[in-house]
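**Student:** quick check, what structure comes out for this input:
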Amino acid sequence: MNRINFARCSGVIIDLCKKHGIWFDCDELSRIVEFIREGGLEQSRSKEKAEIEEERRKLRQEQMTADIHRAMGPGIGDTEARRITGIASAGGLLKFLLD
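**Tutor:** I've put the predicted structure just below:
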């Protein structure tokens with residue numbers, strides 16, 4: 001059983017079991033309904049979209065930096081080459097997850 005904050009920002013901590021579903025303690029369901037009625041879910045989604053866009057912006061910046069280093073040719077140290085490879089790998093993963 002895992003404990004999570006509903007919508008990552010509601011302040012309502014629910015119990016989640018991958019096998020059996022969600023378990024609510026006293027008043028949790030009514031607090032979630034209130035959170036949704038007050039627009040909390042839309043705010044949470046907007047915040048999450050903004051975070052994703054910021055991550056995409058950072059990834060594009062890192063990719064541009066990697067492209068510049070690659071264009072500079074040999075001479076980049078092993079550490080820098082590994083960092084660039086890691087950034088490119090993370091970019092592929094983020095693209096897969098977010099598209």
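
**Student:** now do the residue nearest the centre of the chain, the pLDDT please.
**Tutor:** The C-alpha lying nearest the average C-alpha coordinate of the chain belongs to Ile52 (C-alpha atoms, centre = their mean; 6.4 Å). Listed pLDDT for Ile52 reads 94.

**Student:** now it. Nearest residue, chain neighbours left out?
**Tutor:** Leu98 (6.0 Å; C-beta to C-beta, 6 or more residues apart in numbering). C-beta: built from backbone N, CA, C; applies to glycine.

**Student:** separation between that neighbour and Ala50?
**Tutor:** 13 Å (C-beta to C-beta, to the nearest Å).

**Student:** re earlier: ok, the residue nearest to Ile52 to Asp27 distance?
**Tutor:** Distance of Leu98 to Asp27, computed by C-beta to C-beta: 35 Å.

**Student:** longest helix of the protein?
**Tutor:** helix 40-71 (DSSP state H).

**Student:** quick one: buried residues of that one?
**Tutor:** 40-41, 44, 59, 62, 66 (16 or more other C-beta atoms under 10 Å).

**Student:** contacts only, for the closest residue to Asn5 other than its chain neighbours.
**Tutor:** Distance criterion C-beta to C-beta, 6+ apart; nearest residue to Asn5, sequence neighbours excluded, is Ile13 at 5.8 Å. For Ile13, the contact set (C-beta atoms under 8 Å, 6 or more residues apart in numbering) comprises 3-6, 28.
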